[in-house]
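S.K.: generate coordinates for the sequence data below:
(one chain, ligands or ions: 1)
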Amino acid sequence: MTDTEQVTLVRVRGRLRDLTLPPRCPACGAAAGVPLRVERVFARERRRRGIIADTARGVTTFHVAAINVPFCTACAARHMAERAATEAPPSPLRTTVAMYGVVALIALAAALVFGVFIWNELAGGWRPTLTFAASIAAGCTVFAGWFFVQAVNVWRASITLPPTSITAAFDFGDRQTRRFEPEWREYRLRHAGYARAFIQANAARLWDDEGPQAIRAARLRRIADSLRIVAAAALVVVFVLLALQAGTP
Ligand SMILES: [Zn+2]
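M.R.: Residues are numbered from 1 along each chain as shown. I've put the predicted structure just below:
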């Protein structure tokens, strides 16, 4: 294991658990036997341009991806020793957990207020006001639920430890999901021999950015985009025709 070793990038289709892992140690290439949990935290940005302001607004969600990778006994021992020797620093994500949790609680409180209001007013029979209150209560509940799930996800991310020098030998990126493309990931493998075995084991599902599947997906994306424009134009035409018909006596 030297610093001069070249990291091999491999792109594979499918989910983490669908991978075929060679029975070798990703850190040194020796025969593997001890599975270690390799975890990575990914932050996904959901950004959308505002209609009035030009600044992008949005929310960041956090996701933990994990896979059990077999390492050799010696490397596994070194991994354990490293874990035992270093104390994890407090995660900067703790404030995000609190923030998402508070938003969830406020939304839940709002839902409860509207729920109590509906309960109290029910005696007088169902009125449009109550339908309005019920829809707000339902909206608040969905909002609270979504932020609660996000708070749990960030909390999981905050307790996920950074890789050791051993588990860093098997690194991977977040899943890529472009329209019409199957899910794929990029794997960064430090040991050249392991990388060769890994490529061979997953040969049937290697992802090629310029392969026929990627080209087909890009073509489908273009068709879908033009269909959207055609559909929008058709809607305008139908609308104008209806308006004209309504105008004629
Ligand atoms: Zn090893």
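S.K.: show me the chain divided up by domain.
M.R.: Following automatic domain parsing, one finds the domains of the chain at 1-88+161-207, 91-160, 209-249.
S.K.: redo those as a markdown table? Include distance to the ion, mean pLDDT and mean neighbour count.
M.R.: C-beta: built from backbone N, CA, C; applies to glycine. What follows is those, written out as a markdown table (distance: least, C-beta to the ion, whole Å; pLDDT from 0 to 100; neighbours: other C-beta atoms under 10 Å):
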| stretch | distance to the ion | mean pLDDT | mean neighbour count |
| --- | --- | --- | --- |
| domain 1-88+161-207 | 3 | 89 | 15 |
| domain 91-160 | 23 | 92 | 15 |
| domain 209-249 | 31 | 87 | 10 |
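S.K.: give the contact list for the closest residue to residue 209 other than its chain neighbours.
M.R.: If you skip the residues right next to it in sequence, residue 209 has residue 11 as its closest partner in space, 7.5 Å away by C-beta to C-beta, 6 or more residues apart in numbering. Neighbouring residues of residue 11 by C-beta atoms under 8 Å, 6 or more residues apart in numbering: 184-187, 206-209.
S.K.: centre of the chain to whatever helix or strand residue 11 lives in, how far?
M.R.: Assigned by DSSP states H and E, residue 11 belongs to strand 8-13. Mean-position distance between strand 8-13 and its chain equals 18 Å (C-alpha atoms, centre = their mean, to the nearest Å).
S.K.: which elements pack onto the host helix or strand of residue 75?
M.R.: Assessed by DSSP H and E, residue 75 sits inside helix 73-85. In terms of contacts (3 or more C-beta pairs under 8 Å, 6 or more residues apart in numbering; DSSP states H and E), helix 73-85 is packed against strand 34-49.
S.K.: name every strand pairing with the strand it packs on and say which way it goes.
M.R.: strand 56-71 (antiparallel) (DSSP bridges).
S.K.: residues in contact with stretch 21-38: which ones?
M.R.: 1, 66-76, 79, 163, 166-167, 169-170, 172, 189-191, 193-194, 197-198, 200-201.
S.K.: go through the protein and flag its longest helix.
M.R.: When the chain is scanned for its longest helix (criterion: DSSP state H), the result is helix 212-247.
S.K.: tilt between it and strand 8-13?
M.R.: Using axes from the mean of the first three to the mean of the last three C-alpha atoms, to 10 degrees, the direction of helix 212-247 lies 50 degrees away from that of strand 8-13.
S.K.: chain center to helix 212-247: distance?
M.R.: 30 Å.
S.K.: residue 26 belongs to a strand, doesn't it?
M.R.: No. Using DSSP: H, G, I helix; E, B strand; the rest coil, the assignment for residue 26 is coil, not a strand.
S.K.: ok, the nearest residue to it once chain neighbours are set aside to residue 102 distance?
M.R.: Leaving aside its chain neighbours, residue 26 sits nearest to residue 170 (4.0 Å; criterion: C-beta to C-beta, 6+ apart). As for residue 170, its distance to residue 102 is 37 Å (criterion: C-beta to C-beta, to the nearest Å).
S.K.: likewise residue 37?
M.R.: 31 Å.
S.K.: report pLDDT for residue 208.
M.R.: Residue 208 is assigned 86 on the pLDDT scale.
S.K.: report the contact partners of it.
M.R.: Here residue 208 is in contact with 11, 214 (C-beta under 8 Å, 6+ apart).
S.K.: what do you get for residue 91?
M.R.: 157-159.
S.K.: now do the phi/psi pair for it.
M.R.: The phi/psi pair for residue 91 (degrees, to the nearest 10) reads phi -70, psi 130.
S.K.: kindly report the same for residue 93.
M.R.: Per degrees, to the nearest 10, the backbone of residue 93 is at phi -80, psi -10.
S.K.: just to check, it is in contact with residue 61?
M.R.: No. Look at residue 93 against residue 61 with C-beta atoms under 8 Å: they stay out of range, at 11.8 Å.
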